[in-house]
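# Sequence and predicted structure below; questions after.
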Amino acid sequence: MGVMRRSTASMLLVSLYLVQMVLISSAATAKAPVAAPPPAEPPVTSPPVSPSAPAPVVAPPPAEPPTPVVKTFPVNTTFELSAGNGSDPSRRTAVALTSPQKAYALALVMDGFGKVGSTREFCWTEIYKVNAQQTLTFRENCSPLRVEKCSLSLTEDGDLRLTLESSGGRLVSWLTNTGGDDVAEAKLDDTGVLTLVKVDGTVAWSSAEGDNNGCPKPFTPPEGSFGSLRFNVGKLLVIFSTLLGLVISSHF
């Protein structure tokens, strides 16, 4: 009996030992619970960006119109300008002649000097430097008048004339007095000198001769006047006869 009790006790101890070992082994091999990953943060969306407005396009300043090349100005040739309806009172030119290297140009000019709506504008003829139009070598008439139309012509008999027209009147404001001198053509050299050349090649008239009396200065009429430039008695007579003719013609 004593031996059986010892044997039973030994078996119980062995069983308990085995159970303990199994529990330890299970605990060692058991996996720890895996924690769930934290919820992903919602994606950050940038607010919509409005497209930047395009930079305003600034129109370049209007460029001076190019001076056309006019190589010849023979007799019986006329250039004309008209004030029109006054919607564009800016400077306009009709180029009559350019020098061989296009350094200077002879032109008929009309300018309303910003007076919108007027059907009359100042008119004159001038020789200007092509790359610097404020540089003049010649101008007539020194004190221009407001007219409806004007023309620069080299007549058939060889006279260079500036003619003004208003209210049906037509008057010569300036001329070279070379009619009947066998003039063949007008020529302009690269120093800005205009000449009227005869058939035989000699010079009948030159813009370099005589006293222009301040005419080559750029012309801008003061408000309410025809200009304050100096002029001689001969030019006074031309202006007076022009005014008188325009007044008389307006009554017929």
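Happy to help now that I have it.
# secondary structure element for the closest residue to Arg170 other than its chain neighbours?
Leaving out its chain neighbours, the residue that sits closest to Arg170 by C-beta to C-beta, 6 or more residues apart in numbering is Thr163, at 6.3 Å. Bear in mind the C-beta positions are built from the backbone N, C-alpha and C, glycine included. Taking DSSP states H and E as the criterion, Thr163 maps to strand 160-166.
# what's that strand packed up against?
On a contact count with 3 or more C-beta pairs under 8 Å, 6 or more residues apart in numbering; DSSP states H and E, strand 160-166 meets strand 121-129, strand 146-147, strand 149-154, strand 169-175, helix 233-249.
# Sheet partners, orientation included, of that strand?
Neighbouring strands of strand 160-166 in its sheet, by DSSP bridges, are strand 149-154 (antiparallel), strand 169-175 (antiparallel).
# For it, give me every contacting residue.
Applying C-beta atoms under 8 Å, 6 or more residues apart in numbering, the contact partners of strand 160-166 are 108, 120, 123-125, 140-141, 145-155, 170-176, 178, 186, 196, 205, 242, 246, 249-250.
# With stretch 83-90 instead?
For stretch 83-90, the external contacting residues (C-beta under 8 Å, 6+ apart) are 110-121, 147-149.
# now do 10 Å
For stretch 83-90, the external contacting residues (C-beta atoms under 10 Å, 6 or more residues apart in numbering) are 62, 92, 110-123, 146-150, 165-166.
# I'd like to know which of those are buried.
92, 110-112, 120-123, 146-150, 165-166 (16 or more other C-beta atoms under 10 Å).
# Give me the lowest-pLDDT entry from these.
Model confidence across the buried ones among the contacts of stretch 83-90 bottoms out at Gly112, which has 86.
# Who are the contact partners of that one?
83-84, 86-92, 118-122, 146.
# Then Glu121?
81-84, 86, 88-92, 109-113, 115, 144-150.
# Could you do Gln134 as well?
Tyr128, Lys217, Pro218.
# now Met110
80-84, 89-94, 120-124, 144, 146-150.
# swap the cut-off to 8 Å and go again
Residues near Met110 by C-beta under 8 Å, 6+ apart: Leu81, Ser82, Ala83, Arg91, Arg92, Glu121, Phe122, Cys123, Cys150.
# What is the nearest of those to Tyr104?
Arg91 (17.3 Å; C-beta to C-beta).
# Need the nearest residue in space to that closest one, chain neighbours excluded.
Asp111 (4.3 Å).
# Give the bridge partners for the one you found, please.
Beta-bridge partners of Asp111, as defined by DSSP bridges: Phe122.
# Tell me how far it lies from Lys102.
Applying C-beta to C-beta, to the nearest Å, the value for Asp111 to Lys102 is 23 Å.
# between the strand holding Thr163 and strand 121-129, how many degrees?
If you take axes from the mean of the first three to the mean of the last three C-alpha atoms, to 10 degrees, strand 160-166 sits at 160 degrees to strand 121-129.
# Mind exporting the C-alpha coordinates of strand 160-166 to CSV?
In CSV, the C-alpha atoms belonging to strand 160-166 read as follows (Å, rounded to 0.1, in the frame of the first residue of the first chain):
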residue,chain,number,x,y,z
LEU,A,160,6.4,126.1,-107.1
ARG,A,161,3.2,127.2,-105.3
LEU,A,162,1.4,126.7,-102.0
THR,A,163,-2.3,127.2,-102.6
LEU,A,164,-5.0,127.5,-99.9
GLU,A,165,-8.7,126.8,-100.4
SER,A,166,-11.7,127.7,-98.1
